[in-house]
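Enquirer: the following comprises the amino acid sequence and a computationally predicted model.
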Number of protein chains: 2
Amino acid sequence: MAKTEKYAIGVDLGGTNIKIGIVSQRGKLLKKISLSSKAEGGPDKVVKQIRLGIKEILSKNKKKIRGIGIGSPGVVSIKKGTVENPPNFPGWTKVNLGNIISKEFDIDCHVENDANAAAIGEMIFGTGKRYNSFVMITLGTGVGGGIILNRKLYRGEIGAAGEIGHITINYEGPRCNCGSFGCIEAYVGNNYLISKVKADLTASPNPKILKLVNNDLNLLTPLIINKAAEDGDAFAKSVISEMGEQIGSALASVSNLLDVSTFIIGGGVSGFGRSLFTAINKSLVVRVITSLRNRVKVLPAKLKNEAGIKGASALVFYKS
Amino acid sequence: MAKTEKYAIGVDLGGTNIKIGIVSQRGKLLKKISLSSKAEGGPDKVVKQIRLGIKEILSKNKKKIRGIGIGSPGVVSIKKGTVENPPNFPGWTKVNLGNIISKEFDIDCHVENDANAAAIGEMIFGTGKRYNSFVMITLGTGVGGGIILNRKLYRGEIGAAGEIGHITINYEGPRCNCGSFGCIEAYVGNNYLISKVKADLTASPNPKILKLVNNDLNLLTPLIINKAAEDGDAFAKSVISEMGEQIGSALASVSNLLDVSTFIIGGGVSGFGRSLFTAINKSLVVRVITSLRNRVKVLPAKLKNEAGIKGASALVFYKS
């Protein structure tokens, strides 16, 4: 029974670039463009860039498009399609992005917070296909999250739910950008992690890692740490195992609270690969209550580089 | 428009006593009895005690009863009415309590985990009446919880949700009974708290508290600590302010994850009173993300001594 494949446009709105693509209902990325967000120009400029990008990709397209999905930073009201105070977008208070784009192109437009869009992307196209309920964690500069309960995105009272990054793992821990202390993001968010590792390496230099960065610690990345660990370096291995301990403890809090057993992890830091997953799992299993112990699992996200575009396009298929 | 009041039986099943009452739909407790659980006699003995108790209270009753609600420790399957592995009930694996009681008395019987029943009690009769979504925390020997989202109890995958007590506040903290480390229960659960305070007082004796317990630290209770704090004792005040810091950090994790802004606190430790609530609130406000900061609030539970019976009876009115 052959069905006509459906298509959607996914817009991944970032502080630096806007990535736009056409994605099939099966999750195949057909076309992809990228243009500058021009965030410093204020919301009007950003909206203009989004419109330009959509026009461009539509001009190269012959498929019938079912709708446009936009994954955006900030708090999003899905009913109104508004985006509020996205970080790194100066001069932006509240913009009715959904309405503007929908009118301009005379097509349905669904706007959602980017971390939530990533979770919907995994549910529709990725690892989450097989699970009724799961929590998606995106490890990168920040630590983001999205909660799927019974195949629905859980949004909370005003759509701000899923802030996994700001779960406390040590109430007396280091200050986090959000104003709290000891959030998991303040341990494993890229910048926090790298500066902690840099400080450790400055205090006690490590020949293997120094060689990998040509003696310039400013070149340190999660990938370098992973490489050193794979080469058997004890310090690099301890960094990953500690990250696993920490992330596992945050996920145990989530599991104990929500009785959800499946975690899907994506984002830049998953450059750490299998050893990080093993460490997270080890910590999580020890820390959940008995009735969860045999059920919890930590899985890698399926959507990799185009997770942003695909997640945004999934908003269209999720809705319809 | 006068309506006929409806009535339910609430059964509060504890490790030591079974408390049974008849409660009106407005939350008024009409009759109340208490009998030994005889938990050491195994599940058959306990079930017999429940049946005896219900028979006794029915014999004194002339009202039409709409149903029986049972609040029980352990993991409860509401569909099947089974109770699994309740702590402090030896020899108990899985018992179909709902079926047994329902058949015996030919009336609907709803079984629910006791912490969840407390949350439903607050929603139907108590502070939670006015809120669509809230999280209920019961402070006592353990730290229990129940999550109400849009006027529905959130139960999770197998009905084990709401284990607020096992949210980590320090991943390198003290061992908790559950097997994890640094759970909030391992700081503020009655036994943990009292033994920590005892140890502190043994190391540096405090004349005011020692006087209140007649020099016998075994008589130390939360109420004594509260009394000393109200009398201006600096150490007792610091204990309460630290508890507030710790509970606030656990609740901030819940709020940031679920975008829920209302917390209702009940249970024995709320003997600590207003000063504890102030301290929790202070910690919580600092620790939640910006969009929650003006919304979060911590309120005392309305149901006090009969919270167990009333919560159990509320299961009947919640269902109907």
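Expert: Thanks, I have it.

Enquirer: which stretches of the stretch 151-300 of chain A form helices?
Expert: Taking DSSP state H, counting those that start in this stretch as the criterion, the stretch 151-300 of chain A carries its helices at A:185-188, A:190-203, A:207-212, A:222-230, A:234-258, A:274-287, A:290-293.

Enquirer: reformat those as JSON lines; add mean pLDDT and distance to A:Asn96.
Expert: C-betas here are computed from N, CA, C, even on glycine. Below are the helices of the stretch 151-300 of chain A laid out as JSON lines (pLDDT from 0 to 100; distance: least, Cβ to Cβ, whole Å):
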{"stretch": "helix A:185-188", "mean pLDDT": "96", "distance to A:Asn96": "29"}
{"stretch": "helix A:190-203", "mean pLDDT": "93", "distance to A:Asn96": "32"}
{"stretch": "helix A:207-212", "mean pLDDT": "92", "distance to A:Asn96": "48"}
{"stretch": "helix A:222-230", "mean pLDDT": "92", "distance to A:Asn96": "37"}
{"stretch": "helix A:234-258", "mean pLDDT": "97", "distance to A:Asn96": "32"}
{"stretch": "helix A:274-287", "mean pLDDT": "95", "distance to A:Asn96": "39"}
{"stretch": "helix A:290-293", "mean pLDDT": "92", "distance to A:Asn96": "42"}
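
Enquirer: pick the most deeply packed of those.
Expert: Comparing those by mean neighbour count (mean count of other Cβ atoms under 10 Å in any protein chain shown), helix A:185-188 ranks first with a mean of 25.

Enquirer: helices or strands up against it?
Expert: The contact analysis (3 or more Cβ pairs under 8 Å, 6 or more residues apart in numbering or on different chains; DSSP states H and E) places helix A:185-188 against helix A:190-203, helix A:234-258.

Enquirer: at 7 Å what do you get?
Expert: Applying 3 or more Cβ pairs under 7 Å, 6 or more residues apart in numbering or on different chains; DSSP states H and E, one finds that helix A:185-188 makes contact with helix A:234-258.

Enquirer: what's the first-to-last distance across stretch A:171-191?
Expert: End-to-end distance for stretch A:171-191, by Cα to Cα, to the nearest Å: 20 Å.

Enquirer: tell me the buried residues in that stretch?
Expert: Within stretch A:171-191, the residues that qualify as buried are A:171, A:173, A:176, A:178, A:180-190, counting by 16 or more other Cβ atoms under 10 Å in any protein chain shown.

Enquirer: now do stretch A:153-164
Expert: Using 16+ other Cβ under 10 Å as the test for burial, stretch A:153-164 gives A:Leu153, A:Tyr154, A:Arg155, A:Gly156, A:Glu157, A:Gly159, A:Ala160, A:Ala161, A:Gly162, A:Glu163, A:Ile164.

Enquirer: per-residue confidence averaged over that stretch?
Expert: The average of the pLDDT scores along stretch A:153-164 is 94.

Enquirer: coming back round to it: could the buried residues of stretch A:153-164 go into CSV alongside distance to B:Leu210?
Expert: Converted to CSV, those look like this (distance: Cβ to Cβ, whole Å):
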residue, distance to B:Leu210
A:Leu153, 55
A:Tyr154, 50
A:Arg155, 52
A:Gly156, 47
A:Glu157, 47
A:Gly159, 53
A:Ala160, 48
A:Ala161, 48
A:Gly162, 49
A:Glu163, 45
A:Ile164, 45
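
Enquirer: which of those residues sit farthest apart?
Expert: Maximum pairwise distance among those (Cβ to Cβ): 17.2 Å, between A:Glu157 and A:Ile164.

Enquirer: circling back: strands - which of the buried residues of stretch A:153-164 land there?
Expert: Counting by DSSP state E, the part of those found in strands is A:Leu153, A:Tyr154.

Enquirer: spell out which parts of the stretch 1-150 of chain A neighbour chain B.
Expert: A:Val75, A:Ser133 (Cβ under 7 Å from any Cβ of the partner chain).

Enquirer: go again using 8 Å as the cut-off
Expert: Counting by Cβ under 8 Å from any Cβ of the partner chain, the stretch 1-150 of chain A comes close to chain B at A:Val75, A:Ser133, A:Gly145, A:Ile147.
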